[in-house]
Structure formats: structure tokens, C-alpha cells
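J.: here are the coordinates; sequence isn't available:
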């Protein structure tokens, strides 16, 4: 996921997509207790026997008893592996998902280009260790789109704990050809709470009681304080990176967020131009490292915090420390485009109208992209497999889209939505705010497909089971979704709890439903149990198949299939919320 607990970059892009919306207020739904806590009361009417011919009953049976979701995910994550946008693994995933959807009987399966994106990148060889004064194997991983070291690099290590420009100046002339530890040490505290968790009744009640989003309108994250793009901390980080490049550092080593061998690894950093007002329109920005015109940068890696701290303490103790790093990468620049995988189950009497579902297929490179977001991709694929396998004939066409470029800013889904449905166009001579919504006076220009669109359903919060839906400020869909969730409330005769009851008026961001929501189309993300998403697997080397919960995946695919089928069968398209552009 490009983040539900978003990185700063993703949050900024997400806010730029979403205009200000007029929302309704949220009443509190009733949350059922687990089946074991609901004994039948004396004189209570027994639950009616489900009709085996009811499509939702059949979907539940197929999804829970003949699921292929884990086989799909294993191939995607274990066999194909990391799927960095534009990499060979990404291209293989595009082709494999297209062919698999065709094998299941979906039609018009194809790859749809967007872009240009930029260069692909893949890791060919990597090792890192302390080589003097003793040998210490290191837990480390290179950043995506980092250049190679051009063979094994052995160099002296320099620890920089500068907290301001004056302290940084003390290292001028000392970094050429050196391996630089770029940040101060970080204390590693013990974990007294479990890393994994499910949403409990208190959590779900808070979601159900969420206030009208108009009470907390999006802020311009670029203004003021030290944490924003224009803040002092950000500006100092920019100046540090420029300093390291100008001084000729041979390799930059960052400490990892996380501990216990878990590393959170994303993209290499390119120095940004220094600006006195970085939030103003038309300010120069750093090119991303995958841009073919990006400047040359030093190789960059992330080191496990325990190893980072040890090396820093050795240096502070007066030891001369050397590291040996061998980093070999390969660039792919023959095709600079990105691709989404798209396929359909054709509709019947309302076939010109579209219900969509999906998730993003691109991942980071330190793990295998199982929870972010192979899980969502496999669930969406399983949802259409269920509908196709049962021979159900939806009235509207059901279209699955597996996005790429999500981690770099919802790029694939944004391009798709702009091409097929519409986009905001700014008046001549105006510029969109650096970190806001559309430029003042922007006009939504739509295509004929815009009025034919019914709904989009997204999954991108890891392996956790579905617990409900974020309404994304669309109060009008509440009674519809409440009805659709009724088969997934816990019942005494269920073999396992479904636990999907919560509807929250909340907006949730950071993933591809925003591309639809941002132009006023009904786009929704499901509420999921968190499991270990933020603590262990999100953008980390532990984002692997073994952290997936199989029963949760089956449940999620079944509910997604039911929602998509219901949306495809209604007499009317789902209602749209009022939209106001500031």
C-alpha cells in the first residue's frame, strides 16, 4: 500500500487528488458479538435456512470451501517476487495476471499502458559487512533505484550526528570516498505489546462514530511547522543530502525504522533544490531517482538499527571502522511506460455500465510484496474467479484493474481514471497548489464513460479480514452497504466468525480508490484488521507470504465478490456524494 498510515509523499499526493466534499453524519451501527457469545435464547426463532440457490450463499460457499486465493498469492509473491514499478518482476506480474484471468474465463484481458514512468531497476547482487577491525555480517538492504558500487567497495566509515548546519560544517573535506552513517543513533526500546492486533469493539465503535469529515478539512501539509515540507527538519535533511553529494561520499547508510531484523526500505533520495519558500507554486522539485534525467547520486542502503548503532558506538569509542559493500544493480530503460492489468466479466442488460474492483500490484523490493499489496491483488482476482466459476451473469460489466505505480503516487490508477472517466483541468495561467487540491477555478472535464460508472472497490491494508467499509463521506450508500453486509454478520451456525459489520463515514487515504473519489466517482476501501501491517510488514523485508493469514484472505475475497456482484445487479448505480471544489 502506498500507505494508510501514509508516508509524507503519499499523503501529499492523496490530498491533491481529493476535492472538498459535503458529507453526512454517522450514526452508530450495531456490532454483533462473536458467534460463541450468542447462544440462542429460549423461545427465540431459529435462523432461517439459507437458500442454496441464492447467489450470495453460493458466493460464500465457493469463496470459503474452494478458494484459490492463497495459490494465487503464493505464485505472485514467492515465484515472481518483488514487483517494483517498471522492473522485470513487475512486467512478469502484469503478463501472468493477464494470462491467469484469461484462463479463468474473463474477457478482454490486456495490459493498458500509462506514463511515461521512467527507468526500471532490479537488484543483481548485494552484500554488506564490517571488514575492519573485525568481521561483522550486516543486515542491510539497498534502496530502490540506488546506483551500483561498481564492484566491491571497502572504505572508512564516518558517523555524522549533526543536528544543524553548523555541526554539519565540521565534516567539510572529510567525506570524499567514505561510507557515511547519515543520521544520529536511535534508541531501541523493548516491545511490551504484541506486534499484531485485530480491531476490537472499541476500535470499531470509534470508526462507526467517526465525525463528519467536514469538521476536520485537509490541511496544507507544506506550511509552517518543522514536520512539513517547508519545515526546518525537512530543509536540513535536503541540505545534508546535498552536502554528502558535494563532498563526494562513496556510500550513504541510513538507519532503519523498525528493529529486531525488520528493515523498512523504500526509494533512494535525490537532492532537491534549496528554496526559501518550498511550498510556493512552481518551485523546483527533486527529480525521482527513476527519472531518466535524474542526476547522478551516491549508492544508498538501509542498515538494521541494532547494527547501525553498534557501528556508530564503535566509532565514538575511537575505533577505525571499515565496511565492505558490494552492490550491483541493473537498469531497464528500453520501455519507460508503466502498465495496468485489466480484464472483464461482461454484463447483460446493463453491460455498458461498469463496476470495478482492484488493488495495486507494484511493491517495494526488500520483501515479496505479499501484504502490500499482493494480498489485495489476490483477493480481487479471487473475487472475479468466484463470480466466473459460479456462472453468475451480472447485469453490469465487472472490470478488474490491477494497478502499478501506486507506491510512487497512485500513478497507474490516476492515469487510468483520467483517460477513461475524467480529470480536473486548471484555467490557463494558474497552477495547482503544491500540497492542496485542484487549482482554484479548475473544471472537471469528463468522458462519456463517467456517467456509466457505478462503483470501485479497493483492498490495500494487508492480510487482515474485512470488518466493514469506509464510506468516504458518501452517506447515501450507508443503507445499501448495511444490507450487503447482513450475510456477513456473525451467526450461531457459522463455522468461523465473519465479523464484517462496521460502516464508517470516514475518509481513508493513501491508495487507489482516491483516484476515483477525487473526481466524484464512488470509490471505496474496505476496513481491515491491522494484524502486523504497520509494525512489521508494510514496506519492509518482512512483507512476505508467511505473514499472510489464509482464513482472512478467503473471508475478504468472499465479501469483495459479494459487494461487486451486488453493485452489478442493482437497478440503479450507486449514489454519488455532492462534490465541492474550493
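T.: Perfect, I can see it now. Note that this is a predicted model, so its numbers are computed, not measured.

J.: how many neighbours does residue 68 have?
T.: 19 (other Cβ atoms under 10 Å). To be clear about C-beta, it is placed using only N, CA and C from the backbone, and glycine gets the same treatment.

J.: Just read off the phi/psi values of the residue nearest to residue 97 when sequence neighbours are not counted.
T.: With Cβ to Cβ, 6 or more residues apart in numbering as the measure, residue 341 is the residue that lies nearest to residue 97, at 4.6 Å, once sequence neighbours are left out. Backbone torsions of residue 341, given as degrees, to the nearest 10, read phi -100, psi 130.

J.: do residue 81 as well
T.: The phi/psi pair for residue 81 (degrees, to the nearest 10) is phi 90, psi -150.

J.: from here on, count from 523
T.: Renumbered: residue one is now 523, and that last one reads residue 603.

J.: excluding its backbone neighbours, what's nearest it?
T.: Take residue 603 and drop its neighbours on the chain: the residue closest to it by Cβ to Cβ, 6+ apart is residue 890, 5.1 Å away.

J.: what about the one you found, how many neighbours?
T.: 25.

J.: Also residue 1065?
T.: Here the number of neighbours of residue 1065 (other Cβ under 10 Å) works out to 32.

J.: so which strand or helix has it?
T.: Assessed by DSSP states H and E, residue 1065 sits outside every helix and strand.

J.: Residue 756 now?
T.: Applying DSSP H and E, one finds residue 756 within helix 754-768.

J.: So which bits of that helix are buried?
T.: Across helix 754-768, burial judged by 16 or more other Cβ atoms under 10 Å covers 756-758, 760-763, 765-767.

J.: Stretch 971-987 too?
T.: Within stretch 971-987, the residues scored as buried using 16+ other Cβ under 10 Å are 972, 974-987.

J.: Which of the residues you listed sits closest to residue 906?
T.: Among the buried residues of stretch 971-987, residue 979 lies closest to residue 906 (Cβ to Cβ), at 11.4 Å.

J.: check contacts around the residue nearest to residue 603.
T.: Neighbouring residues of residue 890 by Cβ atoms under 8 Å, 6 or more residues apart in numbering: 599-600, 603-604, 896, 1065-1067.

J.: Regarding this protein, what is its longest strand?
T.: If you go by DSSP state E, the chain has its longest strand at strand 642-654.

J.: What is it packed up against?
T.: helix 610-625, strand 658-659, strand 662-664, strand 844-854 (3 or more Cβ pairs under 8 Å, 6 or more residues apart in numbering; DSSP states H and E).

J.: Check the contact between residue 645 and residue 887; I expect there is one.
T.: Yes - using Cβ atoms under 8 Å, residue 645 is in contact with residue 887, at 6.5 Å.

J.: So for those two, which sits in the more crowded spot?
T.: residue 887 (26 against 19).

J.: any idea how far the residue nearest to that one when sequence neighbours are not counted is from residue 929?
T.: In this structure, residue 887 finds its nearest non-sequential neighbour in residue 604, 4.3 Å apart by Cβ to Cβ, 6+ apart. As judged by Cβ to Cβ, to the nearest Å, residue 604 and residue 929 stand 11 Å apart.

J.: Kindly report the same for residue 646.
T.: Between residue 646 and residue 929 the computed distance is 21 Å (Cβ to Cβ).

J.: in stretch 1052-1071, what's buried?
T.: 1052-1067, 1069-1071.

J.: just for the stretch 523-672 of the chain, where's the confidence low?
T.: For the stretch 523-672 of the chain, applying pLDDT under 70 flags the ranges 524-570.

J.: residue boundaries of the helices in it?
T.: Applying DSSP state H, counting those that start in this stretch to the stretch 523-672 of the chain gives helices spanning 530-539, 577-587, 591-596, 610-625.

J.: As a markdown table, those helices with mean neighbour count and distance to residue 991 would be great.
T.: A markdown table is the format used below for the helices of the stretch 523-672 of the chain (neighbours: other Cβ atoms under 10 Å; distance: least, Cβ to Cβ, whole Å):
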| stretch | mean neighbour count | distance to residue 991 |
| --- | --- | --- |
| helix 530-539 | 20 | 18 |
| helix 577-587 | 19 | 16 |
| helix 591-596 | 20 | 20 |
| helix 610-625 | 19 | 25 |
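
J.: As JSON lines, these with distance to residue 717 would be great.
T.: Below are the helices of the stretch 523-672 of the chain laid out as JSON lines (distance: least, Cβ to Cβ, whole Å):
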{"stretch": "helix 530-539", "distance to residue 717": "23"}
{"stretch": "helix 577-587", "distance to residue 717": "28"}
{"stretch": "helix 591-596", "distance to residue 717": "21"}
{"stretch": "helix 610-625", "distance to residue 717": "28"}
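
J.: can you tell which of those helices is closest to residue 843?
T.: For the helices of the stretch 523-672 of the chain, proximity to residue 843 was assessed by Cβ to Cβ; helix 530-539 is nearest, at 32.1 Å.

J.: where's residue 977 relative to residue 1084, distance?
T.: 13 Å.

J.: about what we covered before: name the nearest of the contacts of residue 890 relative to residue 821.
T.: residue 604 (18.6 Å).

J.: what's the straight distance from one end of stretch 916-933 to the other?
T.: In stretch 916-933, first residue to last residue: 30 Å (Cα to Cα, to the nearest Å).

J.: sorry, back to before: show me which of the buried residues of stretch 971-987 is closest to residue 1034.
T.: Using Cβ to Cβ, the buried residues of stretch 971-987 come closest to residue 1034 at residue 980, 5.4 Å.

J.: Leaving aside the residues adjacent along the chain, what's closest to that closest one?
T.: With sequence-adjacent residues excluded and distances taken as Cβ to Cβ, 6+ apart, residue 980 is closest to residue 1035, at 4.1 Å.

J.: Surely the one you found touches residue 1043?
T.: No - distance between residue 1035 and residue 1043: 9.4 Å, which falls outside the contact criterion (Cβ under 8 Å).

J.: out of the two, which sits in the busier spot?
T.: residue 1035 (28 against 23).

J.: about what we covered before: can you add distance to residue 1077 and pLDDT and give the buried residues of helix 754-768 back as JSON lines?
T.: As requested, those are exported to JSON lines (distance: Cβ to Cβ, whole Å; pLDDT from 0 to 100):
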{"residue": "756", "distance to residue 1077": "41", "pLDDT": "84"}
{"residue": "757", "distance to residue 1077": "46", "pLDDT": "87"}
{"residue": "758", "distance to residue 1077": "46", "pLDDT": "92"}
{"residue": "760", "distance to residue 1077": "45", "pLDDT": "91"}
{"residue": "761", "distance to residue 1077": "49", "pLDDT": "94"}
{"residue": "762", "distance to residue 1077": "46", "pLDDT": "96"}
{"residue": "763", "distance to residue 1077": "44", "pLDDT": "96"}
{"residue": "765", "distance to residue 1077": "51", "pLDDT": "96"}
{"residue": "766", "distance to residue 1077": "48", "pLDDT": "97"}
{"residue": "767", "distance to residue 1077": "49", "pLDDT": "96"}
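
J.: so what's residue 619 up against?
T.: By Cβ under 8 Å, 6+ apart, residue 619 lies in contact with 598, 863, 883, 899, 903, 924.

J.: what about the fifth one, neighbour count?
T.: Neighbour count for residue 903, taken as other Cβ under 10 Å: 28.

J.: That one - that's part of a helix, no?
T.: Yes - assignment of residue 903 by DSSP: H, G, I helix; E, B strand; the rest coil places it within a helix.

J.: contacting residues around it?
T.: Residue 903 touches 591, 594, 619, 622-623, 922, 924, counting by Cβ under 8 Å, 6+ apart.

J.: Which one of the helices of the stretch 523-672 of the chain lies nearest to residue 723?
T.: Short answer: helix 577-587, nearest of these by Cβ to Cβ, at 24.1 Å.

J.: by contact count, what packs against that closest one?
T.: Partner elements for helix 577-587 (3+ Cβ pairs under 8 Å, 6+ apart): helix 897-911, helix 1072-1091.

J.: Report the inter-axis angle for it versus helix 897-911.
T.: 120 degrees (axes from the mean of the first three to the mean of the last three Cα atoms, to 10 degrees).
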